[in-house]
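Undergrad: Give me a 3D structure for the following:
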Amino acid sequence: PLRYISKLRELVKHEADKNKSQWKTMGPAKVAVPSPNDFLQKCSKEPKLTPKKKEEDGKKLLPLSVPPRTYHPVTRIKKNFISKNALAVMTGEPKKPRHFCVDTRQGDKYLLEPSGLFPKYINKKNYGVLPKYVIQRNEELKREEEEYQASVLEQLKKKAMKVLSEEERTNVLKALKKNWEEINRAYQGLPIVTDTRYKQMHKEELELKLKQLEHDIAAIEKHKCVYIANV
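TA: All right, here's what the predicted structure looks like:
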């Protein structure tokens, strides 16, 4: 069988040659020849300090021992710490002793206030009073509920049943009877023989309209109060 040769062989070889490091073993092709004047000298590669600059005589002035005119000495005030501490003790509030609870006979104790055994919160002035944010939230919920109920009532009023007046009822009845007469006239004008599908469908349609109109006319004549819905 023939040996398989990939179509991308040349591309792979080109990529491999391109990524190889040049001059890795043999060195560069041309190297600059060092000059005989630039030879290696002794201690030339050791780090050297920067040369000190020689200051000229008379430029650097010695600092004066006399303080300048702008100097203001700090005036120290004598303070009697004993009398100050005594006054602070006399005028200050006495330190209240902390309440402890001894738990065991070995003398293990703990603070009574954060333990939960001391009635701390029930003695507060605002104990049992609703917070302001809860009251505000309840008012917002109540306001939203009132707005929702008002919108629902408005929608119900729009969709509420309406009573037809006697004049409107008479006009509707006259219009229905006139429509019935027109359809009945068209029905009476139909041919006696209905031999096609179109004639049969037309006749059935007119009969359905007549039945519906007769039902509506009878309902309006029977009931004096007629309610209609706002759609």
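
Undergrad: now the strands for this structure?
TA: For the chain, strands defined by DSSP state E occupy the ranges 100-102, 109-111, 161-163, 227-229.

Undergrad: out of the ones you listed, nearest to residue 219?
TA: strand 227-229 (11.8 Å; C-beta to C-beta). No exception for glycine: its C-beta is placed from N, CA and C like everyone else's.

Undergrad: which other helices and strands contact the closest one?
TA: Where contact means 3 or more C-beta pairs under 8 Å, 6 or more residues apart in numbering; DSSP states H and E, strand 227-229 is packed against strand 161-163.

Undergrad: Quick test: name the residue nearest the centre of the protein.
TA: residue 137 (21.0 Å; C-alpha atoms, centre = their mean).

Undergrad: Tell me how far the residue of the chain positioned farthest from its centre lies from residue 45.
TA: Distance to the chain centre peaks in the chain at residue 36, reaching 77.7 Å (criterion: C-alpha atoms, centre = their mean). Going from residue 36 to residue 45 by C-beta to C-beta, to the nearest Å gives 19 Å.

Undergrad: quick one: the residue nearest to the centre of the chain and residue 129, what's the gap?
TA: 15 Å.

Undergrad: again, but for residue 192
TA: Counting by C-beta to C-beta - residue 192 and residue 129 are separated by 93 Å.

Undergrad: Compute the number of surrounding residues for residue 100.
TA: 12 (other C-beta atoms under 10 Å).

Undergrad: so what's it closest to, chain neighbours aside?
TA: Excluding its sequence neighbours, the residue lying closest to residue 100 (C-beta to C-beta, 6 or more residues apart in numbering) is residue 109, at 4.5 Å.

Undergrad: Which residues does that neighbour form beta bridges with?
TA: Under DSSP bridges, the beta-bridge partners of residue 109 are residue 102.

Undergrad: pLDDT at it, what is it?
TA: With respect to pLDDT, residue 109 scores 89.

Undergrad: doesn't residue 102 make contact with it?
TA: Yes: under the criterion of C-beta atoms under 8 Å, residue 109 makes contact with residue 102 at 4.8 Å.

Undergrad: Now do the nearest residue in space to residue 213 that is not next to it in sequence: how many residues are near it, please.
TA: Among residues not flanking residue 213 along the chain, residue 180 sits closest, at 4.3 Å (C-beta to C-beta, 6+ apart). Using other C-beta under 10 Å, residue 180 is surrounded by 17 other residues.

Undergrad: contacting residues around residue 180?
TA: Residue 180 makes contact with 210, 213, 214, 217 under the criterion C-beta atoms under 8 Å, 6 or more residues apart in numbering.

Undergrad: shaky segments in this protein?
TA: 1, 22-25, 54-60, 230-231 (pLDDT under 70).

Undergrad: Okay, helices next: where are they in it?
TA: Secondary structure of the chain, counting by DSSP state H: helices at 9-18, 81-91, 132-158, 166-188, 197-222.

Undergrad: that older thread, how near is the residue nearest to the centre of the chain to residue 70?
TA: 66 Å.

Undergrad: what do you get for residue 218?
TA: For residue 218, the distance to residue 70 - C-beta to C-beta - is 120 Å.

Undergrad: And those two? Which one has more around it.
TA: Set residue 218 next to residue 70 and count neighbours by other C-beta under 10 Å: residue 218 wins out with 10 against 5.
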